[in-house]
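**Student:** here you go, sequence then predicted model.
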Amino acid sequence: MTISQVVRAPNGAISYVNLPYQNLGFLDTDGFESTFRQALPTSIGTFTLSGDWAWVHHFKMPVTGLGTQDFAGNDGAMLQPFGASFPRWKGNTQLSWNYHKWDASLSWVYTGPYKISPNVLPPGTFPGQPEGVASYSVFNFFMTYTGFKHWTLYAGVDNIFDRAPPFDPFWQNVTGIQSTGYDQSLYMYYGRFAQIGATYKF
């Protein structure tokens, strides 16, 4: 059965128009993810290296007036409803150590660099405008000791080197955006944070 797009009344006037649903949006993405873990027992304890890494090859979607855009490795999606930058690389790596009642871990959290899209911030918007945003690494350390009955002693430092997120001019110069100087869709900046304490279990 053929459905007419235009349905007319007996007198020839248009009653209504059939407009079938069309898929005007899509998301096409690909890349790879890798997870690894390797333990090494030694006379001074067991060392374990583990990690989760991801690389985005494409992140394509249609943009009104611009056609299909690939947002992998840039901040072009910042003006889209979900608003985010998409560095190609992200990863977490952890080196842990266990020896009798001691446990310690050193973690590395990495976010790769990304380019600044001309659709988000046209070149020359301000003097010395960079073409991209640098990568970002944060190192955290945590240790526990359970040698006392019922007690767990702990200490740790987050963001050991007190690294600030990399500068992104979009978050510094665009009207209506909270001025932070870094991409809030990717980072939360608390500076170096140290903690020490103990817990007791009955």
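**Tutor:** On my side now, so go ahead. Values in this document were obtained by computation on a predicted structure and should not be read as measured data.
**Student:** just name the shakiest helix or strand of the protein by mean pLDDT.
**Tutor:** Confidence across the helices and strands of the chain bottoms out at helix 170-173, with a mean of 78, counting by mean pLDDT, DSSP states H and E.
**Student:** show me how far the next helix or strand after it is from its chain's centre.
**Tutor:** Later in the chain than helix 170-173, the nearest helix or strand by DSSP states H and E is strand 193-200. Its chain's C-alpha centre and that of strand 193-200 lie 28 Å apart, by Cα atoms, centre = their mean, to the nearest Å.
**Student:** correct me if wrong: residue 40 contacts residue 95.
**Tutor:** No - if you go by Cβ atoms under 8 Å, residue 40 and residue 95 don't touch, sitting 10.4 Å apart. Every C-beta, even on glycine, is put in place using the N, C-alpha and C of the backbone.
**Student:** of the two, who's got more company?
**Tutor:** Each of residue 40 and residue 95 has its neighbours counted (other Cβ atoms under 10 Å); residue 95 has more, 14 against 9.
**Student:** max-length strand in this protein?
**Tutor:** strand 45-63 (DSSP state E).
**Student:** what residues of it count as buried?
**Tutor:** Using 16 or more other Cβ atoms under 10 Å as the test for burial, strand 45-63 gives 45, 48, 50, 51, 54, 55, 56, 59, 61.
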